[in-house]
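**Q** Provided below are the primary sequence and the corresponding predicted coordinates.
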Amino acid sequence: MARWWSSWTRSRDEVEAGELAMQAHERGAQAIAACQRGQSVCVHGMIRSVTLRPRATAPSLEAEVYDGSGLITLVWIGHRRLSGVDVG
């Protein structure tokens, strides 16, 4: 009964977060919330935003990835675009 009630009272964001976390786990990816700075990891999630940062020295492309447990910003220095990824 408690599980049934929980499924009806969870917000859409909570449901989405749970589904993303489950997908990441099924694919063997590490939860973003468990990642440490400088550590080499494999993550799986949804790109929430892509931003081009023009700079005088070198441009960078940034993508925010969310996996249900946390958010990580990926940065490609010297790139203005990536195949299959659009700014928006």
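**A** Yes, it's here.

**Q** low-scoring stretches of the protein, by residue?
**A** For the chain, applying pLDDT under 70 flags the ranges 1-8, 86-88.

**Q** Show me the longest helix that occurs in it.
**A** helix 12-26 (DSSP state H).

**Q** what does that helix rub up against?
**A** For helix 12-26, the surrounding residues in contact (CB atoms under 8 Å, 6 or more residues apart in numbering) are 10, 30-31, 43-46, 66-69. Every residue, glycine included, has its C-beta placed from N, CA and C.

**Q** cutoff 6 Å now
**A** 44-45, 67-69 (CB atoms under 6 Å, 6 or more residues apart in numbering).

**Q** same check, this time on stretch 33-50
**A** 20, 24, 27, 29-30, 32, 63-67, 69-70, 85, 87.

**Q** for the chain, what spans make up the helices?
**A** Under DSSP H, the chain gives helices at 2-9, 12-26.

**Q** quick revisit: could I have the longest helix of the chain exported to CSV, CA atoms only?
**A** This file holds the C-alpha atoms of helix 12-26, laid out as CSV (Å, rounded to 0.1, in the frame of the first residue of the first chain):
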residue,chain,number,x,y,z
ARG,A,12,7.0,14.4,-12.3
ASP,A,13,10.6,15.4,-11.6
GLU,A,14,11.0,12.7,-9.0
VAL,A,15,9.7,10.1,-11.3
GLU,A,16,12.0,11.3,-14.1
ALA,A,17,15.0,11.3,-11.8
GLY,A,18,14.2,7.7,-10.7
GLU,A,19,13.9,6.5,-14.3
LEU,A,20,17.2,8.2,-15.3
ALA,A,21,19.0,6.8,-12.3
MET,A,22,17.7,3.3,-13.1
GLN,A,23,18.8,3.6,-16.7
ALA,A,24,22.3,4.7,-15.7
HIS,A,25,22.6,1.8,-13.3
GLU,A,26,21.4,-0.7,-15.9
